[in-house]
Every structure is written in structure tokens, then in C-alpha cells.
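K.L.:
heads up, no residue letters with this:
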């Protein structure tokens, strides 16, 4: 079983930046892919970005391409999400997720382990 803990959320003005971190522990050898999802009040959880643990290949939602960057540090079992040019529409709880497969995926069912979430609020 993999445990995930996110950090780095907060309040930022539109146009600003934040960096989220997600530390994995437990059976980290089972991780093949990791990802970030977000959920705004009254909306469904949506895909933000994912990364293949072995080679760092990435995938992004169209809404964040060019503004967000996903990365990982295998030695630290840590994944990051650098968020630049933030917009009020980015306001949500951001969740870290991990799964055993090696194919990149934007589907929640491809990720079996989830963190508790971290709040990101972007003011206009």
C-alpha cells in the first residue's frame, strides 16, 4: 500500500505561482505512474497532470498546458506540481494520486492511492 501526503497549497493572487509537493511512502516500489487531480466546490474531480515514474514522461490537461509543470524526484519519492500564471479558475482542492501501471492516464480509476488533498485558492 502506498501512502501519499500533499503540501504547498495556499492563497495566491491571480498571475502568481505555487509549488505543490507529494511525498510517497510505504510500497513505493509498486508505483508506475503518479498524477495530480483537482476538485472545485460542486464539480467533479478532474485530471490535471500525470507522470510516468520510470522515465518522467508527462501528460497535461489542456486547461493547464503551458502554465503547470509536473516533475518527480525518484530518490526522494516525491512528485511536484509547479503552477504558474494561476487563474481564479484554478481554485480547487488538489489531490495527489499513484498507481501501479506504466501507461500515462487521465482517469481516476487508474490510480489506486490518493492523498488527503491540499487547498489552492487564487484570488482575482
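P.N.:
Sure, I can see it. Predicted model, so just to flag it, every value in this text is computed and none were measured.
K.L.:
show me the contacts for the residue of the chain positioned farthest from its centre.
P.N.:
Within the chain, the residue lying farthest from the chain centre (CA atoms, centre = their mean) is residue 124, at 22.8 Å. Residues in contact with residue 124 (CB atoms under 8 Å, 6 or more residues apart in numbering) are 14, 88. Backbone N, C-alpha and C define where each C-beta goes, glycine included.
K.L.:
that one and residue 69, how far apart?
P.N.:
Distance of residue 124 to residue 69, computed by CB to CB, to the nearest Å: 23 Å.
K.L.:
before we move on, which element is the residue nearest the centre of the chain in?
P.N.:
Residue closest to the average C-alpha location in the chain (CA atoms, centre = their mean): residue 36, at 2.1 Å. Secondary structure from DSSP states H and E places residue 36 in strand 33-39.
K.L.:
so which elements touch that strand?
P.N.:
Helices and strands touching strand 33-39, by 3 or more CB pairs under 8 Å, 6 or more residues apart in numbering; DSSP states H and E, are strand 18-26, strand 46-52, strand 68-73, strand 78-83, strand 92-99.
K.L.:
return the backbone torsion pair for residue 75.
P.N.:
The phi and psi values for residue 75, taken as degrees, to the nearest 10, are phi -60, psi -30.
K.L.:
what number of residues lie near it?
P.N.:
For residue 75, the neighbour count with other CB atoms under 10 Å is 6.
K.L.:
ok, residue 12 next?
P.N.:
17.
K.L.:
dump the helices and strands packed on strand 33-39 into TSV; add mean pLDDT and distance to residue 120 as well.
P.N.:
Below are the helices and strands packed on strand 33-39 laid out as TSV (pLDDT from 0 to 100; distance: least, CB to CB, whole Å):
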stretch	mean pLDDT	distance to residue 120
strand 18-26	98	6
strand 46-52	97	10
strand 68-73	98	11
strand 78-83	98	7
strand 92-99	98	5
